[in-house]
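Enquirer: how would this look folded up:
(2 chains)
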Amino acid sequence: MQYSFRGGVRLDFHKKTRGKRIEMLPAPGTVTVPILYSENRAAELFVSVGDTVAIGQPLGNAGGGLWCPVHAGVSGRVVEIRQGADPLSGPYIGVVIENDGQDTPAPTVQPFAKSLQDATGEELLEVIRNAGIPSMVTETLPVYAVIESSIGRVDRIIVNCTECEPYLTSTYRLLMENPAAVINGVKILLKAIGVRQALLAVDNRCMDALNKLEKLLDGSKMIFGRAVDAKYPMEERTLLYAMTGRELPAGKTAVDAGCVMFRAETCAAVFQAFAFGMPYVRRVVTVAGNCIASPKNVSVPLGTSVQDLIAFCGGFRKSPASLVLGSPMTGCAVASTDQLITKDTVAVLALSRPTAENAASACIRCGRCVDVCPMHLMPHAIVRAAERSAWKRMDRLSVTACMECGSCSYVCPGGVDVTAKVAAAKEAYRTHLASREEAVEDVVEEVVEEVVEETVSPEEILVPETPAAPKEDAVPEIISVFGEDAAAVDNTAKPVPEGEKLILTLDGKEDAAHEEE
Amino acid sequence: MKKNKKNTPVTEETTDVVEVSEDVPASAEIREGENEITESGVVTDEVPEPIETDTETGAAEVLDDAPALWEEHEEDDGEAEAAPTLSRVRLSPAPFVRTSDKTRSLMLDVIIALLPAYLWGIYTFGTRVLTVGVVAIASCVLFEALMQLILHRPIKIGDLSAVVTGLLLTMGFSSAVPIWMPIVGAFVSIVIMKGLFGGIGRNLVNPALAARVLLLMWPSQLHIFTAPGERLSGIGLTHVESVTTPLDALHAGAFPNVMLFDLILGRTAGCIGEIFPVLLLAGGIYLIVRRVISWRIPVAYIGTVACLTFFFPQIEGSNLNFMLCELFSGGLLLGAFFMATDPVTSPTTPYGHLIYGVGCGVLTVLFRYFGYFAEGMPFAILIMNLLVWIIDRYVVPTPFGGRVAHEKS
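Expert: As a prediction, the model looks like this:
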């Protein structure tokens, strides 16, 4: 039986770093550890300029959805705290640390005191929370939040060990070099969540890695290896479907379908936190592309600049046409090398071939984008609808279901940037929805104000037996302006004029007085 | 790449950052933990094998033993530069890898698939067919270039779509066609049907078919068919004796006076590219295998025609014989594999393909049975071309995970 899903593409391999061991990047002279935040939630900072920090020492709490600590990857002195923005991860507070070369570990970096059997789920969760491990499956969430939300709601763990995109080999190397760390991480997670089954999904182009895992899992009754079709995109929804046949409706996560999903890197990081107390301060980055002198997989302290990383890989051998942070399908092009390696940076790619659409690009409606869309959409039709601002048509085409995996752009023989256009259409559609709601709300507010002003005087409120009749003409006038939205305006506007609702807003005294009457 | 030294030189950094692979005691502790889990009965998992953390299985041996599941396009690394700079870097949207299948390669595949049938046409009807083809293709390409030049669009004749149009136009002519017809046909298809509608990807109907139908304004000149083996040459037209094609015979209400065997193996009178069903079938299968066209349209189209002609034959006699004659005479196969499947003018969803194919089939049979002309394929496909927008409008696949409607419908 083949674990697969409908749609998706089989991408070229381009994995020249497959046979290269993960190398440790010697900690550079300075690193800028990014503490991410978002508009909704500010970051918290534990250090200030001049402080001495050690490896694994928490520097602050990331804001936004990623509410978890961020740690120093090198030891040294904090020389500057600055604002910045990462193309992949968004705005951050950068803690610039000058490396003292001592690599002093923080006193908190200690193996977990108990054995796995004695540990309770809460304790394990605490360890994972303090290690600041990102989920890597449901973006924007740290792994502890995923675990918390899954306790009692799932019956199995699915570990995504697939790596279906070109160039990337870091997961494969992790599985080849340290399968035990992944498996032990899974065991810790099993214990922390309290479930009894874990499936390791490895893509069928990496059978050697699967064999390796299975050798270690021999006889295990809880953890199983599974070979899945090496189709891109193999992420939360598609992998869940491939493994269980469950289709996730929009806006739901795997947890809602009774499975919790992690990536192999997460499991290895959980094991590190448990066995050594080492929080998530380094990640493996694939540095590849035909413009890199010696492509390799490098374990990099978070906050290292791309410049340092590329220099470690021998620099450029050709002038790149695109410099990419992140994966080749969903990454982000940057113009300079002074970006940072964050928790989201899977790879740094320097490619010599420009891929963007040009004047000669044209859609020939071949329908390949429809064939490959893992969300079963019609990307070419969405693009045409967006050109005409046909909102209803875009709704019918479910534009919001797009997950921007890039498959449609990949297969387009006309060389159109379909994904980028659909993403723009999605954004425009959301803006349209929001502005329309806002407009409706504005009108409702106006109507309410008008009605309240004109019809409800304080005396009338105190005499609820004769509720004030709403001015009949006020509401219909507005409705006619809005045509199809009449119902929405109508429904919201109606309850207001009825005096009883307004009574509730009066304070207790008057209310009581009314009851006495 | 032999790096089999156990625990390769441990640098200062690695010891301090405590890489998992360097530290054996810690993993031993985990093993202990596992044992206890089993005893406690909380977790029923078996004890795993001792955790190997060495690097014995290093780089060299793991290389390339994964099965190659599909062909890989090797990347062209090119020459290294002396002083690489970042000046060429452009910001472009993801993804940064693209397929090597371009419009041009799709068109090239169509040309390759059409060539055998065309070459058979040259063999059967003489070198005049070659002249007609060259004139048609050359004028298509020329008109395309002129059109783009006048409209200040980038010149895109390199995508070969004009060549395909010219070739399809040629396939539908007889060998005795006046030489101005390919030129007028090229003008109608490229300038009127394609250029004025906005160029490649924007035309409403198949340009070659539209031109063919328009040229029916001169039926007497279009419908002069030479007998197979009567090879014409040169540009000018000598007096030609017109013979009856199998399709004409069927339209007139009689079985064609050729063997079915000859009909299938291209030894009949007819249009240049339509007489050899086996080669057209082979070309169509080639396109399906190369995934240039979807199998659904030709299968639905031909299947519908087969069913209708089998169950409702127009001529008394063997149903099967009638069905085969209908399938293999005229332009049905050429239309089903090469014209109805034109990506621009066909639906893009799987169900849409089926509906469209069935529609083409029904209309083809209706036109052949009740129409003025013997051939029904061009009219059927043109009408379905015009209905594609409706199909694409109402046949929308359900998105993964179900539809979320924001608008009231």
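Enquirer: near chain A, which residues of the stretch 301-409 of chain B?
Expert: B:343-349, B:392-393, B:396-409 (C-beta under 8 Å from any C-beta of the partner chain). (Glycine included, C-beta is placed from N, CA and C.)
Enquirer: Run through the strands of chain B in chain order.
Expert: When assigned using DSSP state E, chain B turns out to have no strands.
Enquirer: Let me see the contact set for A:Ala385.
Expert: By C-beta atoms under 8 Å, 6 or more residues apart in numbering or on different chains, A:Ala385 lies in contact with A:Arg393, A:Met394, A:Leu397, A:Val399, A:Ala425.
Enquirer: From A:Val399, how far off is it?
Expert: In this view, A:Ala385 and A:Val399 are 8 Å apart by C-beta to C-beta, to the nearest Å.
Enquirer: So for the two, which residues contact both of them?
Expert: Counting by C-beta under 8 Å, 6+ apart, the residues touching both A:Ala385 and A:Val399 are A:Ala425.
Enquirer: Now the buried members of the residues of the stretch 301-409 of chain B next to chain A.
Expert: Buried by 16 or more other C-beta atoms under 10 Å in any protein chain shown: B:343-349, B:392, B:396-397, B:399-401, B:406, out of those.
Enquirer: pLDDT-wise, what's the bottom of those?
Expert: Ranked by pLDDT, those bottom out at B:His406, which has 73.
Enquirer: List the contacts of that one.
Expert: A:Asp395, A:Thr400, A:Leu433.
Enquirer: repeat that with 7 Å
Expert: A:Asp395, A:Leu433 (C-beta atoms under 7 Å, 6 or more residues apart in numbering or on different chains).
Enquirer: in what helix or strand does A:Ala333 lie?
Expert: Assessed by DSSP states H and E, A:Ala333 sits inside strand A:332-334.
Enquirer: who does that strand touch, helix- and strand-wise?
Expert: strand A:322-325 (3 or more C-beta pairs under 7 Å, 6 or more residues apart in numbering or on different chains; DSSP states H and E).
Enquirer: Can the strand it packs on be said to contact chain B?
Expert: Yes. Using C-beta under 7 Å from any C-beta of the partner chain, strand A:322-325 reaches chain B at A:Ser322, A:Leu323, A:Val324.
Enquirer: Show me what from the stretch 151-300 of chain A comes close to chain B.
Expert: Residues of the stretch 151-300 of chain A lying near chain B (C-beta under 7 Å from any C-beta): A:166, A:176-178, A:180-181, A:183-184, A:187, A:190-191, A:204-208, A:215-222, A:230, A:237, A:247-250, A:268, A:271-272, A:275-276, A:278, A:282, A:290-291.
Enquirer: low-scoring pLDDT stretches of chain A, where are they?
Expert: A:1, A:64-66, A:138-140, A:452-517 (pLDDT under 70).
Enquirer: Could you break it into its assigned domains?
Expert: A:1-14+A:109-280, A:284-351, A:368-432, A:444-516 (automatic domain parsing).
Enquirer: Between its first and last residues, how far does the third one reach?
Expert: Looking at domain A:368-432, the gap from its leading to its trailing residue is 28 Å under the measure C-alpha to C-alpha, to the nearest Å.
Enquirer: what's the spacing between it and its chain's center?
Expert: Put simply, domain A:368-432 sits 20 Å off its chain's centre (C-alpha atoms, centre = their mean, to the nearest Å).
Enquirer: Which residues does stretch A:124-140 contact?
Expert: Under C-beta under 7 Å, 6+ apart, the answer for stretch A:124-140 is A:64-66, A:68-71, A:112, A:141-144, A:146-148, A:160, A:188, A:191-192, A:236, A:253, A:261-263, A:265-266, A:269-270, A:273-274, A:279-280, A:343.
Enquirer: Name the residues of it that are buried.
Expert: Those would be A:124-125, A:127-138, for stretch A:124-140 by 16+ other C-beta under 10 Å.
Enquirer: Over to stretch A:18-36?
Expert: A:18-25, A:27-28, A:30-36.
Enquirer: same check, this time on stretch B:315-327
Expert: So for stretch B:315-327, counting by 16+ other C-beta under 10 Å, buried means B:Ile315, B:Phe322, B:Met323, B:Leu324, B:Cys325, B:Glu326, B:Leu327.
Enquirer: Let me know the pLDDT of B:Val243.
Expert: 87.
Enquirer: How about the one 10 residues further on?
Expert: With respect to pLDDT, B:Gly253 scores 88.
Enquirer: Tell me who's in contact with the residue nearest to it when sequence neighbours are not counted.
Expert: Spatial nearest neighbour of B:Gly253, chain neighbours left out: B:Ile315 (6.1 Å); criterion: C-beta to C-beta, 6 or more residues apart in numbering or on different chains. Contacts for B:Ile315 (C-beta under 7 Å, 6+ apart) come out as B:Gly253, B:Ala254, B:Phe255, B:Phe322.
Enquirer: any idea how far the first one lies from chain A?
Expert: Pointing back at B:Gly253 there. Distance, B:Gly253 to chain A, by C-beta to the nearest C-beta, to the nearest Å: 40 Å.
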